[in-house]
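Novice: take a look and give me a structure for this.
(one chain, ligands or ions: 1)
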Amino acid sequence: MPDGLTFTFHGVRGSVAIDRPDSARYGGATISISARLADDHYLVLDAGTGLRDLQHHLPEEGSLRFSFLVTHFHWDHLLGLPFFRPLYQPSASFDFYATAAEGGTVESGIAGVMEPPLFPLPLRSVLSALSFVDVPADPWEIGPVTVRAAHLHHPQGVNAYRIDFGESSLVLATDVEAGEPESDRALIALARGADVLIHDAQYLPTEIETYKGWGHSTWEEAVEIAEAAGVERLVIISHDPERTDDGVDELEAAARKRFPNTDAAFAGMQLTLPGR
Ligand SMILES: [Zn+2]
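Specialist: Just a heads-up that it's a prediction; the model follows:
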């Protein structure tokens with residue numbers, strides 16, 4: 001067991017990538033988070049446009065393996081993949097874990113983002129080795145971590161993932177709309193006692209009436225899930241594309257009043273799970 005497992009946030013924005021000076025501190029790239037499991041093996045949570053940043057931090061030599069946990073197939077969670085250079089390297093291999101959408105497969109869900117004429121090269125033409133795995137009901141192992149999933153409330157559905165590393169644990173629950181009892185219960189059970197819960201907080205409580213059914217949560221709902229699950233630390237993510245840095249600061253401050261150990265995720269943020 002390595003000493004610790006460090007997760008790097010490459011993108012934290014919800015819905016669509018943005019590029020505005022007043023939002024540069026948190027960053028405009030959409031969600032992608034990575035952790036290096038071994039010298040040649042990376043775990044990647046979602047493949048939003050932030051994924052491109054990872055390619056600047058990879059070793060230059062040797063064959064690399066990437067295990068992707070894909071929350072769902074919406075564009076903002078996959079659009080980095082066609083622009084990720086290792087995808088075109090014969091020495092690289094990719095395992096994609098996801099839950100197939102109704103009437104589709106994991107492969108068709110991932111490949112949809114690269115279908116001509118939307119993109120010149122279809123996924124099946126790339127040179128790297130690809131495998132597609134339907135997320136199992138039981139926990140499974142990827143290198144030194146154990147992963148389990150819960151299927152939650154979002155248009156077309158979304159998976160939250162819990163990653164256990166030794167005695168410590170991290171949960172990613174983005175693009176979940178709180179307030180649907182079965183989904184809330186499943187997430188609380190998944191996140192029970194976790195060290196870190198990364199939770200969607202795209203909206204303010206004052207905005208949510210306008211955005212009911214859009215598939216996202218407020219900071220208040222994120223705090224309620226964190227409290228109910230008894231997590232140590234809350235990291236809020238999926239910042240609204242219209243939210244400026246000052247706006248995210250205010251949202252974070254409001255959440256901290258209720259749940260002090262809260263941070264708003266930003267591009268470049270790192271957090272380490274101890275290997276205890
Ligand atoms: Zn979505």
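Novice: going forward, measure contacts between C-alpha atoms and count neighbours the same way
Specialist: OK.
Novice: can you give me the strands for the stretch 1-150 of the chain?
Specialist: 4-11, 32-38, 41-45, 65-69, 93-98, 129-134, 140-142, 145-152 (DSSP state E, counting those that start in this stretch).
Novice: distance to residue 211 and mean pLDDT added to the ones you listed, as TSV?
Specialist: Formatted as TSV, the strands of the stretch 1-150 of the chain follow (distance: least, C-alpha to C-alpha, whole Å; pLDDT from 0 to 100):
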stretch	distance to residue 211	mean pLDDT
strand 4-11	23	98
strand 32-38	24	98
strand 41-45	25	98
strand 65-69	27	98
strand 93-98	26	98
strand 129-134	30	98
strand 140-142	35	98
strand 145-152	18	98
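Novice: out of those, flag the one nearest residue 194.
Specialist: Of all the strands of the stretch 1-150 of the chain, strand 145-152 sits nearest to residue 194, with 12.6 Å by C-alpha to C-alpha.
Novice: contacts for the helix or strand where residue 222 lies, please.
Specialist: Per DSSP states H and E, residue 222 falls inside helix 219-229. Outside of helix 219-229, the residues within contact range by C-alpha atoms under 8 Å, 6 or more residues apart in numbering are 178, 184, 187-189, 191-194, 197, 199-205, 233-234, 236, 251-252, 255, 258-259.
Novice: off-centre distance for whichever helix or strand comes after that helix?
Specialist: With elements assigned by DSSP H and E, the helix or strand that comes after helix 219-229 is strand 233-237. Distance, stretch centre to chain centre, for strand 233-237: 12 Å (C-alpha atoms, centre = their mean, to the nearest Å).
Novice: and the helix or strand following strand 233-237, how far from the chain's centre?
Specialist: Per DSSP H and E, the first helix or strand lying C-terminal to strand 233-237 is helix 245-258. Its chain's average C-alpha position is 21 Å from that of helix 245-258, according to C-alpha atoms, centre = their mean.
Novice: could you give the angle of helix 245-258 to helix 219-229?
Specialist: Helix 245-258 and helix 219-229 are oriented at 40 degrees to each other (axes from the mean of the first three to the mean of the last three C-alpha atoms, to 10 degrees).
Novice: buried subset of the contacts of helix 219-229?
Specialist: 178, 184, 187-188, 191-194, 197, 199-204, 233-234, 236, 251-252, 255, 259 (16 or more other C-alpha atoms under 10 Å).
Novice: low-scoring pLDDT stretches of the stretch 151-276 of the chain, where are they?
Specialist: Within the stretch 151-276 of the chain, the stretches with pLDDT under 70 are 276.
Novice: and residue 27, how far from residue 53?
Specialist: With distances taken as C-alpha to C-alpha, to the nearest Å, residue 27 is found 12 Å from residue 53.
Novice: tell me the secondary structure for the nearest residue to residue 146 once chain neighbours are set aside?
Specialist: Excluding the flanking residues, the one nearest residue 146 by C-alpha to C-alpha, 6 or more residues apart in numbering is residue 164, at 5.1 Å. Here residue 164 is strand, with the state taken from DSSP: H, G, I helix; E, B strand; the rest coil.
Novice: that older thread, take the strands of the stretch 1-150 of the chain and lay them out in CSV including distance to residue 119 and mean neighbour count.
Specialist: Formatted as CSV, those follow (distance: least, C-alpha to C-alpha, whole Å; neighbours: other C-alpha atoms under 10 Å):
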stretch, distance to residue 119, mean neighbour count
strand 4-11, 22, 22
strand 32-38, 20, 22
strand 41-45, 22, 21
strand 65-69, 21, 21
strand 93-98, 19, 21
strand 129-134, 18, 15
strand 140-142, 30, 13
strand 145-152, 29, 21
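Novice: can you redo these as a markdown table with distance to residue 222?
Specialist: A markdown table is the format used below for those (distance: least, C-alpha to C-alpha, whole Å):
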| stretch | distance to residue 222 |
| --- | --- |
| strand 4-11 | 19 |
| strand 32-38 | 19 |
| strand 41-45 | 19 |
| strand 65-69 | 21 |
| strand 93-98 | 23 |
| strand 129-134 | 27 |
| strand 140-142 | 26 |
| strand 145-152 | 14 |
